[in-house]
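**Q** sequence plus predicted model, see below.
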Amino acid sequence: MLSNCAACGKVFMKFSKPVCPDCASKELDTAKRIRDYLKQKEKRNAPLIQVSQDLDIPVRYIEYLIRQKYFDLARYPNLQYQCKNCDTLISSGEYCAACAETLRNHLLSVQKDKTKSDKQSDDFHENFYKSRL
């Protein structure tokens, strides 16, 4: 399927990643630079901000690479990024456990309300037509 690269906008034949082969290669090179940096014993426990500053790579891009699973976070425990909702540091997913639970509860509540609303609508239509017969 033809698609536009999410990074550079170039048209390419999409197979799995949302980026063209050139940008995918750049992703791999950047991930390798970060891995090589973190292999140094004194840098292994460097926080994300320090990695970003030392390598001149935007924090958001490193977070993207972490979410794309370019790094084994068990080996680099300080490579954490912020929850999309509350800025708590996390090492997997998009949201911390507390925000994920809140979101889950909210979605369940909305689903219950919708089911209840659909039932009331069905009852209204059923009674409306019965009263006309």
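**A** Happy to help now that I have it.
**Q** which stretches in this protein count as helices?
**A** Here the chain has its helices, by DSSP state H, at 21-39, 48-55, 59-67, 97-132.
**Q** which one of those helices lies closest to residue 91?
**A** helix 59-67 (7.8 Å; C-beta to C-beta). Every C-beta, even on glycine, is put in place using the N, C-alpha and C of the backbone.
**Q** for the helices of the chain, which has the smallest mean pLDDT value?
**A** For these, mean pLDDT drops lowest on helix 97-132, to a mean of 77.
**Q** picking that back up, quick one: which of the helices of the chain is nearest residue 6?
**A** When these are compared (using C-beta to C-beta), the closest one is helix 21-39, at 7.9 Å.
**Q** quick one: the closest one to chain centroid distance?
**A** Distance of helix 21-39 from the chain centroid (C-alpha atoms, centre = their mean, to the nearest Å) equals 19 Å.
**Q** buried residues, it. List them.
**A** Buried residues in helix 21-39, defined by neighbour count with 16 or more other C-beta atoms under 10 Å: 23-24, 27, 30-31, 34, 37-38.
**Q** is it possible to get TSV of the residues you listed that adds distance to residue 49?
**A** Listed next are the buried residues of helix 21-39 as TSV, based on distance: C-beta to C-beta, whole Å:
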residue	distance to residue 49
23	25
24	26
27	21
30	17
31	18
34	13
37	13
38	14
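**Q** and which of these is nearest residue 109?
**A** For the buried residues of helix 21-39, the nearest to residue 109 is residue 27 (38.7 Å; C-beta to C-beta).
**Q** I'd say that closest one and residue 61 touch.
**A** No - applying C-beta atoms under 8 Å as the test, residue 27 and residue 61 come out as separate, 9.0 Å apart.
**Q** so what sits against both of these two?
**A** The contact sets of residue 27 and residue 61 do not overlap (C-beta atoms under 8 Å, 6 or more residues apart in numbering).
**Q** so who does the one residue sitting closest to the centre of the chain touch?
**A** With distances taken as C-alpha atoms, centre = their mean, residue 94 lies nearest the centre of the chain, 4.5 Å away. By C-beta under 8 Å, 6+ apart, the contact set of residue 94 is 67, 83-84.
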